[in-house]
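K.L.:
I would like to see how this sequence folds:
(2 chains)
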Amino acid sequence: MKLYAYCLADDVDVLENSAQGISGAPVRLLTCEGFSVLVSDLDADVVQVTGENALAHAAVIRSILDRTTPLPFRFGTLVMEQQLVNYLSARKPALETKLAEVRGCVEMSVKIIRDPVAHGSEPAENVNQGTGTSFLAQKRREILGGEQSAAEASTISTWLHDQISGLIRAEQVTLRPSEKLVLAAAHLVERSKIKNYRQTMAETCQSRPELHFLLSGPWPPYSFANIELEFKTQFGVS
Amino acid sequence: MNLETNFVNPVMDENELSLLETLDHVLNRGLVIAGEITISVADIDLIFIGLNVLVSSVETAHEVLRKRQTE
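P.N.:
Below is the predicted model of the structure:
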């Protein structure tokens, strides 16, 4: 029997009305090294990626979000109890640091999507061009378009940061200069600043009608939970 | 403090958006246990589905919105 791990906290002693876990299993606390890990038993080697399982994973973590800010494990974290204990013991300083970084905060999510109509379409090809010329022309358009999109995504990222820099403790931005999604950003926001953050983001959205914004949150700090892997320093990988 | 998640999108069904955003968060992010312990997911390719579906769905939503505005 393995343990399915949902999240980790350092200030939860008792579970109150916890949601049901993966496969309907009851969720319990495993305490070790000063940490509390929400786990449930699972008699399987893999976890099926289904909407039901993903929502169960999220619901268990959310069940303690009102009380604390936990570090969520990624979906599908299935371990033997001794492995989990070893992990908590070996990574204790890094996990404590990470918990301190997110304490009192939640994650807010922003996705910005370019309006394909406003962005314009590709120029028409010259019907008199040969196959090779057309191919090279298409390649040129792809390269120039990619560079332009990357520059635009970077500019939008800087602009967004300037709008909300005073309201966030940290951010994770992934630029996606594709045809559709410009960037995905996660903001770590102190709970006392959520109202101001939402108000500012609403005004920010209205100021750029050519962009589409998808805002959601608050979430547990999924984007701010991971710790650095030691092999990077041990093996000189940067 | 009651933390009710809000989804801001003008025309998209909130339940659908909630599932897609949840998939994007739980499948792509979170604390990863390294070393001999691995993430045990049945089909790793599915990890990338969430965000792609989300973008497609948002585009569809805005297309509907544009049509409504022009009518």
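
K.L.:
For B:Met1, give me the pLDDT.
P.N.:
Looking at B:Met1, its pLDDT stands at 56.

K.L.:
cool, the one 5 residues further on as well?
P.N.:
B:Asn6 is assigned a predicted lDDT (pLDDT) of 62.

K.L.:
What of the one 3 residues further on?
P.N.:
We note a pLDDT of 54 for B:Asn9 in this prediction.

K.L.:
same thing with the one 5 residues further on?
P.N.:
The score at B:Glu14 is 62. That number is its pLDDT.

K.L.:
Same check on the one 10 residues further on?
P.N.:
B:Asp24 is assigned 82 on the pLDDT scale.

K.L.:
Make sure it is indeed in a helix.
P.N.:
Yes. Membership of B:Asp24 in a helix is supported by DSSP: H, G, I helix; E, B strand; the rest coil.

K.L.:
Relative to A:Ser63, how far out is it?
P.N.:
Noted for B:Asp24: a distance of 20 Å to A:Ser63, by CB to CB, to the nearest Å. Just so you know, the C-beta spots here come from the backbone N, C-alpha and C atoms, and that holds for glycine as well.

K.L.:
Neighbour count for these two, which is higher?
P.N.:
Taking neighbours as other CB atoms under 10 Å in any protein chain shown, B:Asp24 and A:Ser63 compare with B:Asp24 leading, 25 against 20.

K.L.:
how near is that one to chain A?
P.N.:
8 Å (CB to the nearest CB, to the nearest Å).

K.L.:
mind checking how far that residue is from A:Leu214?
P.N.:
Separation of B:Asp24 from A:Leu214 (CB to CB): 10 Å.

K.L.:
same check, this time on A:Ala185
P.N.:
Computed as CB to CB, the A:Ala185 to A:Leu214 distance reads 11 Å.

K.L.:
Can you pull the residues that touch both of those two?
P.N.:
Counting by CB atoms under 8 Å, 6 or more residues apart in numbering or on different chains, the common neighbours of A:Ala185 and A:Leu214 are A:109-112.

K.L.:
Which of those fall in strands?
P.N.:
Among these, DSSP state E puts A:109-112 in strands.

K.L.:
Report pLDDT for residue 32.
P.N.:
Here I'm looking at chain A. pLDDT recorded at A:Cys32 is 94.

K.L.:
Can you look at chain B instead?
P.N.:
Confidence at B:Val32, expressed as pLDDT, is 83.

K.L.:
Leaving out chain neighbours, which residue sits closest to it?
P.N.:
The spatially closest residue to B:Val32, leaving aside those adjacent along the chain, is A:Arg74, at 5.3 Å (CB to CB, 6 or more residues apart in numbering or on different chains).

K.L.:
residues near the one you found, how many?
P.N.:
Burial measure for A:Arg74: 22 neighbouring residues, criterion other CB under 10 Å.
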